[in-house]
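>>> Got a sequence here, can you build the structure:
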Amino acid sequence: ELALRKEDGRGALAATRILDDVDDIPRDAQQTLRHRKGLALTLVGDSRAAAETLIALQRDDAPFDLNDDIWKPLSRLSERVLDDMDTSADPLTEGWVALARLYRQSGGNVSRLSESLQDWRARYADHPAARRLPSNLSALRELRGREVKRIAIFLPQSGPLANVAKALKTGIQARHMAALNQGEQTPQLTYYDSSENDLESLYAQATMDGAQVVLGPLDKDLVSQLEQRDEVALPTLALNYGEHPRNRADKLFQYGLSAEDEARQIAERAYMDGHRDAAALVPDNEWGARVLRAFREDWEAQQGELDAVVHYAPKGSVSDATKRLLDSGGDDIDMLFLLALPSYARQVPPMLKYYYAGDLPVYATSQVYGGRPQPRADHDLNGVMFVDIPWLIPDASVGGEEALPFYAAYRELDARDDPSLLKLNAMGVDAYELARRLPLMQALHSLEVFGATGTLQARDDGRIQRTLPWAQFQSGIPAPLLNTGSGLEIGNVQLEQ
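Numbers count the residues shown, from 1 in each chain. The predicted structure follows:
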């Protein structure tokens, strides 16, 4: 229970091992342990195992209100996993799967969701969720009639960010057309040139045109200006993060492809994997300093130690940087945080091996992967663990392209010859989805969007946090990362002995 309060999923799972080791546990104690196991599996990200564990507990008439606990992991599952669960499902599971499926298919449209829920309740009248909907679904139903029908999009048509804006617009339009083709109710989109007008003029024109939500601006300086205001004129999803420590403006959300999010996620994963003494290898530039700061803050907040840091010259000697890192860290280092582009990163594991540290676990940001499989070039990265957006690692993240979020838009945009372009297209797709859900996110901060660039959720200050799927290089290509370290395996979660 203490581990759950600390959100230590692996520690909580370890405490439930008694379920496998002891046969004569009293029924009430057994059910309590099964409940904790389900909650712990949710914490470590094994959503299917968590949902199945908690549904099985509900089937056994456990004395807990389980609807919200079941819904949290269940609502995260892909269509493919839901289909797999539904193959030979009992009535209880079948009802839950049908509820999750209609939620996914609603596309953020509350009216459509409400109508679907009425049909679902008629079909599954005796289901526990028909008697009391999960809290998130109940809250969404209260927002009926607040659908976004007009979105103003502030993007530059000229200047240094014009090409980025063009790629984002391509993604926005692709998702918009896919939603139209699938029969969804879609908002009207109006584009405004942010390179020609100041913010006040843009907001005034958008308001006159009847916009309910603003998507943009893209320029970091403009976002920084907005986040220092008390509020913005219209609910806004900026396409970048401001430079200040905290977003102060009411109704302002911020979304981007931030390596800092990835660094925080790596710190949490590495700590959960049992590591406590980290080393970091980052470039000697402002980007490296920012990302290292995010890793350090999260790592030290968990009581981890950062024993060695080397700021390397991107065109300098990898051998020298690796040797300096190992010399300053000593024998205590038990993991390496790596921020590097592929050309540099590919040289790090061989250098670790050369200096007798080949078994040091390496955790890297998405920059380590070039965005398309290159088995020969990436062979030296075998064993390196990293995060990336689902659209760039479909096999590792969801088991194949057809299970990807917004697959129709992915097929339309597929630009494997230019992964950096596809990444921006994917950001445009998710920006569109976030914008049309902005009133829902204002009312319900726990709302998650399972997008092309990761699982997206608003923090308390309106900044969108991305959680990315994990992969590990095997035979030079990204493969699913299920286990790390050694020890007891529960589901697909590895526990340290």
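
>>> got the residue ranges for the strands in the stretch 151-300 of the chain?
With DSSP state E, counting those that start in this stretch as the criterion, the stretch 151-300 of the chain has strands at 188-193, 213-215, 231-238, 250-254, 277-283.

>>> Kindly present those strands as a markdown table, with separate columns for mean pLDDT and distance to Asp60.
Where C-beta positions appear, they are placed from N, C-alpha and C, glycine not excepted. Converted to a markdown table, those look like this (pLDDT from 0 to 100; distance: least, CB to CB, whole Å):
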| stretch | mean pLDDT | distance to Asp60 |
| --- | --- | --- |
| strand 188-193 | 97 | 50 |
| strand 213-215 | 98 | 45 |
| strand 231-238 | 96 | 43 |
| strand 250-254 | 95 | 41 |
| strand 277-283 | 98 | 42 |
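
>>> Name the stretch among the ones you listed that sits most buried.
strand 213-215 (a mean of 27; mean count of other CB atoms under 10 Å).

>>> Run me through the strand neighbours of it, direction for each.
Applying DSSP bridges, strand 213-215 is found paired with strand 150-155 (parallel), strand 231-238 (parallel).

>>> Save these as CSV, and put in distance to Met385 too.
Putting the strands paired with strand 213-215 into CSV (distance: least, CB to CB, whole Å) gives the following:
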stretch, distance to Met385
strand 150-155, 35
strand 231-238, 31
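
>>> Arg290: which of the ones you listed is closest?
strand 231-238 (17.9 Å; CB to CB).

>>> residues in contact with the closest one?
Residues from elsewhere that reach strand 231-238, judged by CB atoms under 8 Å, 6 or more residues apart in numbering: 152, 203-204, 206-207, 211-218, 222-223, 226-227, 249-255, 431, 434-435, 438-439, 442, 464.

>>> redo that, cut-off 6 Å
For strand 231-238, contacts defined as CB atoms under 6 Å, 6 or more residues apart in numbering pick out 203, 213-215, 223, 226, 249-255, 434-435, 438.

>>> For the strands of the stretch 151-300 of the chain, give me JSON lines that also has distance to Ser116.
Output for the strands of the stretch 151-300 of the chain, formatted as JSON lines (distance: least, CB to CB, whole Å):
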{"stretch": "strand 188-193", "distance to Ser116": "24"}
{"stretch": "strand 213-215", "distance to Ser116": "23"}
{"stretch": "strand 231-238", "distance to Ser116": "25"}
{"stretch": "strand 250-254", "distance to Ser116": "26"}
{"stretch": "strand 277-283", "distance to Ser116": "47"}
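
>>> what sits up against the longest helix along the chain?
Taking DSSP state H as the criterion, the chain has its longest helix at helix 162-181. Residues outside helix 162-181 that contact it (CB under 6 Å, 6+ apart) are 155-156, 186, 218, 406, 408-409, 412-413, 421, 424-425, 428-429, 432.

>>> pull the CA atoms of that helix into CSV?
Extracted C-alpha coordinates of helix 162-181, given in CSV (Å, rounded to 0.1, in the frame of the first residue of the first chain):
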residue,chain,number,x,y,z
ALA,A,162,7.6,28.7,-42.5
ASN,A,163,8.8,25.2,-43.4
VAL,A,164,7.9,23.8,-40.0
ALA,A,165,4.5,25.5,-40.2
LYS,A,166,3.9,24.0,-43.6
ALA,A,167,4.7,20.5,-42.3
LEU,A,168,2.4,21.0,-39.3
LYS,A,169,-0.4,22.3,-41.6
THR,A,170,0.0,19.2,-43.8
GLY,A,171,-0.6,17.0,-40.7
ILE,A,172,-3.6,19.1,-39.5
GLN,A,173,-5.2,18.9,-42.9
ALA,A,174,-4.6,15.1,-43.3
ARG,A,175,-6.3,14.4,-39.9
HIS,A,176,-9.1,16.8,-40.7
MET,A,177,-9.8,15.1,-44.1
ALA,A,178,-9.6,11.6,-42.5
ALA,A,179,-12.1,12.6,-39.8
LEU,A,180,-14.5,13.9,-42.5
ASN,A,181,-14.1,10.7,-44.5
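
>>> Count the neighbours of Arg459 for me.
Using other CB atoms under 10 Å, Arg459 is surrounded by 13 other residues.

>>> Would you list the buried entries among the contacts of helix 162-181?
Burial by neighbour count, 16 or more other CB atoms under 10 Å: within these this picks out 155-156, 186, 218, 406, 409, 412-413, 421, 424-425, 428-429, 432.

>>> between those residues, which is nearest Asp119?
Closest approach to Asp119 among the buried ones among the contacts of helix 162-181 (CB to CB): Thr186, at 22.2 Å.
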